[in-house]
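Engineer: Fold the stuff below for me.
(one chain, ligands or ions: 1)
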Amino acid sequence: MDETQRLAGSPEQFPGGLVRLQELAHNLWWSWHPEARRLFETIDPTLWSLTHHNPVKLLQELKPERLAALSEDAAFVRQYSAVLKSYDEYMGAKGIWFASRYPSLKDCTIAYFSAEFGLHISIPIYSGGLGILAGDHCKEASDLGLPLVGLGFMYPQGYFHQRITPDGWQQSEHEPFNRLASPVHQVLTPSGAPCRVTVAMGSRTVFAIVWRVHVGRVTLFLIDTDVPDNVPGDRELSARLYGGDQEVRLCQEILLGIGGVRVLRALGLSPTVWHANEGHSAFHALERIRELVLAGHTHAEAAELVRHNTVFTTHTPVPAGHDVFPVDLIERYFSGYWQLLGLNREDFLKLGQHPESPEAGFNMTALAIRMSAHLNGVSREHGRVARSMWKSLWPDLPEESVPIRSVTNGIHTPTWIAPEMNHLFSKYLAPDWADRSDDAAVWHRVTDIPDGELWAVRQVMKRKLMSMIRERARAGWMQKRLEASQLLPSGAFLDPEALTIGFARRFATYKRATLFFKDLARLQQLLLDRWRPVQIVFAGKAHPADEPGRYFIHQVYSFCKERGLGGHVAFVEDYDMHVAKFLVPGVDVWLNTPRPPMEASGTSGQKASLNGVPHLSVLDGWWHEGYDGANGWAIPLATDLTDPHAVDAHDAEHLYRILEQDVVPLYYQRDRDGIPRGWIQVIKDAIRTTGPRFCARRMVKEYMELMYALAASPHPASKRPSDS
Ligand SMILES: *Cc1c(COP(=O)(O)O)cnc(C)c1O
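Structural biologist: As a prediction, this is how the structure comes out:
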């Protein structure tokens, strides 16, 4: 913990007995272990809330008197020792899943590349679903004991914070990422100097340093170009997530892919398996080919060896989700590089060609697919869509034989379970239910939870959301950030008794946030019913450069201000993991209306179902395989329609009909004890059926069994490939 202590709070501050609090705060293990969260909360509940549950900051801001008092407090010291004991047991555990199942792979390393990682809000290096999936993947890999290391970016300015102006426009605010208040530390070489790598960028050389994050047993390395040796433009290269123009983006991807391999080499790591989470990092394969060619292989041999142990996951059917760089830009940055791979210009450019649009530019997904023998989409349906999208890369194969399989996304259960629900599950499923999250038999016991108790817990979660929303409005008003006209949209006046729908996601237009407002008169009737009122809470950011997405926010915000909708529509600013942890389990129904088949998987509905918030969604992404007729509601596919307006009309009609005829009556149908028995049945079905199937435990095991294990096997043509 040497580096840690130098960076945040000196050890002298910590009374002897509590000296390892710093170590706990600097391993995100604490974030998915309730007893560790409680420990930090006990230290100072107010600071805990003020720091948005950031223990590093909490320890920094804590008064020494308080710490001294705690070290004298026998109950606290006992609590502290118990948490340390579980931490030490976790970190030192032997014989967990990976070790017992793959003893022959005990020396293997899996490198996992991703442009974003969503681990905790104190490390703002994610924007949405892709990043959170990567974060959940790392946490679960740690739980299962996979020898995985993550490779990503330190974005010194993080992703933006969202503010909504009184007239409903999203504004972005960048806040410098305070590394001293985050569980990150700079990676040093054994001699104590900062670990540095260099990457040629066209005619320049860019230097980068590396940061480390402890995610349980998994280590994540983050590349950072904000060092004095770089020219100002290059210092800014990694400043923002998805912040620059195409050239900045290309440079970021060169850094992540090529720089990422160099970071691993500088640290003495030789991964056996290389997994690119989305195409942003696909250049890593080229760098490994370069190494092999340098070691004497021909290009063809090198490419074959690299393909064998490379895994690629594609995440979206949306065209804008795939990076395509203009050829002249690629030439500018790679004209000195392709020779090192044993290629000429034409053959190099072909690596990124989409056969159906060879002129379009250099396609990172096409490159990643060509470079990887193990390919997958992120739900069964998305696998099918991806095979159809990319079939032209296998001109000789029928579509169904295209070797892109699917591994459906899942969520890291301990991260996404609300504390109240966790308590209930520990009581009725099993004390160690979270360690058996992919075991359907454990989940079956949900049926044993008394309806009244489950309903009471649901109400507590809802009230917590309402207080969080009110508190944000109060604080915004007191700090003069909010105007009077924004109090209604903020949700401060929502009714804790009314059926509450949640809709929170990135405001990409294909997610159709405004579909809900298609027929205002009908909606008014639904929302304003005096006996059975309905309300909806929106949240989500639009990419700052996505004008149509920003316009959607503007539209939703005007409905929030609309008197005719009576304060039944609210928008919660600055959606992030922290807000999600209140919003997702705090509403009654989770709404999802993407335009099919654009949603590759989606995971927020999985988080909702886990917490007893049934999913109402278009049959797209994971819901296509998750919906069973009783565990939520499905908007059927308009299979015979092609015109987008007709599809919207069809989907809105079904949405209203489901709300009017199924959701609202069932929710308000109470027995003599005031309990909605039918509704509770849907809740229980949702938890029981989605829990075991859409958890990251099932997902990471599948990655291991279907992808990593094959990629880790020796290549038949080479007994010892020199890069394994
Ligand atoms: C889970 C999550 C997402 C992803 O949700 P989708 O269902 O994929 O849209 C995005 N942002 C946050 C903050 C999340 O927690």
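
Engineer: and this protein, what are its domains?
Structural biologist: Domains of the chain are assigned by automatic domain parsing as 3-91, 105-409+703-711, 413-694.

Engineer: can I get these in a markdown table with distance to Ala99 and mean neighbour count?
Structural biologist: Placement of C-beta: from N, CA and C, glycine included. Shown next, in a markdown table, are the domains of the chain (distance: least, C-beta to C-beta, whole Å; neighbours: other C-beta atoms under 10 Å):
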| stretch | distance to Ala99 | mean neighbour count |
| --- | --- | --- |
| domain 3-91 | 14 | 17 |
| domain 105-409+703-711 | 5 | 20 |
| domain 413-694 | 15 | 19 |
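
Engineer: could the ones you listed go into CSV alongside mean pLDDT?
Structural biologist: Shown next, in CSV, are the domains of the chain (pLDDT from 0 to 100):
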stretch, mean pLDDT
domain 3-91, 88
domain 105-409+703-711, 94
domain 413-694, 96
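
Engineer: now those in JSON lines, with distance to Phe98?
Structural biologist: Listed next are the domains of the chain as JSON lines, based on distance: least, C-beta to C-beta, whole Å:
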{"stretch": "domain 3-91", "distance to Phe98": "14"}
{"stretch": "domain 105-409+703-711", "distance to Phe98": "4"}
{"stretch": "domain 413-694", "distance to Phe98": "14"}
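
Engineer: Distance to the ligand added to the ones you listed, as a markdown table?
Structural biologist: As requested, these are exported to a markdown table (distance: least, C-beta to the nearest ligand atom, whole Å):
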| stretch | distance to the ligand |
| --- | --- |
| domain 3-91 | 13 |
| domain 105-409+703-711 | 3 |
| domain 413-694 | 3 |
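
Engineer: Now do the phi/psi pair for the closest residue to Ala373 other than its chain neighbours.
Structural biologist: Nearest residue to Ala373 in three dimensions, chain neighbours excluded: Arg307, at 4.6 Å (C-beta to C-beta, 6 or more residues apart in numbering). Dihedral pair for Arg307: phi -50, psi -40, per degrees, to the nearest 10.

Engineer: Might you report the residue contacts of Arg307?
Structural biologist: 285, 371-373 (C-beta atoms under 8 Å, 6 or more residues apart in numbering).

Engineer: before we move on, what about Arg66?
Structural biologist: If you count contacts by C-beta under 8 Å, 6+ apart, Arg66 has them with 43-44.

Engineer: how close does it get to Ser388?
Structural biologist: 60 Å (C-beta to C-beta, to the nearest Å).

Engineer: next one: Ala630
Structural biologist: 31 Å.

Engineer: Could you do Ser114 as well?
Structural biologist: For Ser114 relative to Ser388 (C-beta to C-beta), the value is 25 Å.

Engineer: following the lengthiest helix in the chain, which helix or strand comes up?
Structural biologist: Identified as the longest helix of the chain according to DSSP state H is helix 451-478. Next helix or strand after helix 451-478 toward the C-terminus (DSSP states H and E): helix 487-490.

Engineer: Kindly calculate the angle that the helix or strand that that following helix is followed by makes with helix 451-478.
Structural biologist: Moving toward the C-terminus from helix 487-490, the first helix or strand encountered (DSSP H and E) is strand 499-504. Following axes from the mean of the first three to the mean of the last three C-alpha atoms, to 10 degrees, one obtains 60 degrees for the angle between strand 499-504 and helix 451-478.

Engineer: Show me what strand 499-504 packs onto, helices and strands only.
Structural biologist: Using 3 or more C-beta pairs under 8 Å, 6 or more residues apart in numbering; DSSP states H and E, the elements in contact with strand 499-504 are strand 534-539, helix 577-586, strand 589-592, helix 664-668.

Engineer: Among those, single out whichever gets nearest to Val647.
Structural biologist: strand 589-592 (15.2 Å; C-beta to C-beta).

Engineer: how far is that closest one from where the chain is centred?
Structural biologist: Centre-to-centre, strand 589-592 and its host chain are 18 Å apart (C-alpha atoms, centre = their mean, to the nearest Å).
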